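Student: What follows is a protein structure lacking sequence information:
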């Protein structure tokens, strides 16, 4: 780990290098940051929206959302952004 800390030249490169090292050591990729949208429902109709063609009735239940968050947390995810709606 110390070798990685010494080898980066920009602060923005540091987390990426840590992730690459983790993949090399463990042989698997774990999302550090999860962005989850429990619902597509929206009462707006913005002209610029990139989500306008999505099925607005689709949504994850609270149980499904909790299961996803629990699983990712146990695997090593460190940050979550909840979006949608």
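Tutor: That came through fine. Model, not experiment: these values are computed from the prediction.
Student: any chance you could map the strands in the chain?
Tutor: 33-36, 79-82 (DSSP state E).
Student: Take the ones you listed and write them to CSV, including distance to residue 69 and mean neighbour count.
Tutor: For the C-beta atoms, the positions are set from N, CA and C on the backbone; glycine is no exception. Below are those laid out as CSV (distance: least, CB to CB, whole Å; neighbours: other CB atoms under 10 Å):
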stretch, distance to residue 69, mean neighbour count
strand 33-36, 7, 13
strand 79-82, 6, 11
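Student: for these, which one sits closest to residue 43?
Tutor: strand 79-82 (17.8 Å; CB to CB).
Student: helices or strands up against the closest one?
Tutor: Using 3 or more CB pairs under 8 Å, 6 or more residues apart in numbering; DSSP states H and E as the contact test, the elements touching strand 79-82 are strand 33-36.
Student: could you pull out the helices for this protein?
Tutor: 2-7, 14-26, 62-75 (DSSP state H).
Student: in stretch 68-80, what counts as buried?
Tutor: Residues of stretch 68-80 classed as buried: 68, 69, 72, 77 (neighbour count, 16 or more other CB atoms under 10 Å).
Student: Please apply the same query to stretch 33-47.
Tutor: 34, 37, 38.
Student: tell me which of the residues you listed is nearest to residue 55?
Tutor: Among the buried residues of stretch 33-47, residue 37 lies closest to residue 55 (CB to CB), at 12.1 Å.
Student: now the closest residue to the closest one other than its chain neighbours: how far from residue 78?
Tutor: Nearest residue to residue 37, sequence neighbours excluded (CB to CB, 6 or more residues apart in numbering): residue 84, at 3.4 Å. Distance of residue 84 to residue 78, given as CB to CB, to the nearest Å: 21 Å.
Student: same thing with residue 41?
Tutor: Computed with CB to CB, the distance linking residue 41 and residue 78 is 28 Å.
Student: Equivalent analysis for residue 69, please.
Tutor: 12 Å.
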